[in-house]
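[1] sequence unavailable; structure follows:
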């Protein structure tokens, strides 16, 4: 049983390697990391409901999944098409657009969820 659990933990190594690669090589991941920290901090500070916090976590996850897929697509394109190619550019641009869409949607979700509690906490509205 212990060997089974250890093998399961070891099977996560490639995923953690992928996250490390994204954080250390992708400039936008630092923005995503800061936004993640800010959203989690605000969620705790504002004492959001479990439902609102779950929605925030889903939005955060959406952006990170999009970033992971984008980075994987870009690496694959670089591997199979190291020379300039119009279709390679299209694939990279479209996958980057997916991250942008995820980030914009997540920001809108954040505004909807954080606006009222934040304004109440700062006593801007009553």
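    That came through, no problem. Being a predicted model, the structure only gives us computed values, none of them experimental.
[2] by mean pLDDT, flag the weakest helix or strand of the protein.
    Taking mean pLDDT, DSSP states H and E as the measure, the chain has helix 2-10 as its least confident helix or strand, at a mean of 89.
[3] show me what that helix is packed against.
    Contact partners of helix 2-10 among helices and strands, from 3 or more Cβ pairs under 8 Å, 6 or more residues apart in numbering; DSSP states H and E: none. All C-beta atoms are positioned from the backbone trio N, CA, C, and that covers glycine.
[4] how about residues contacting it?
    For helix 2-10, contacts defined as Cβ atoms under 8 Å, 6 or more residues apart in numbering pick out no residues.
[5] what's the answer for stretch 98-105, then?
    28, 32, 59, 62, 63, 65, 66, 67, 69, 70.
[6] write the ChimeraX selection for whichever of the residues you listed are buried.
    Per 16 or more other Cβ atoms under 10 Å, the buried members of the contacts of stretch 98-105 correspond to this ChimeraX selection:
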select :28,32,59,62,63,66,67,70
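[7] nearest to residue 124 among the contacts of stretch 98-105?
    Set against residue 124, the nearest of those by Cβ to Cβ is residue 59 (23.5 Å).
[8] element containing the closest one?
    Using DSSP states H and E, residue 59 maps to helix 50-80.
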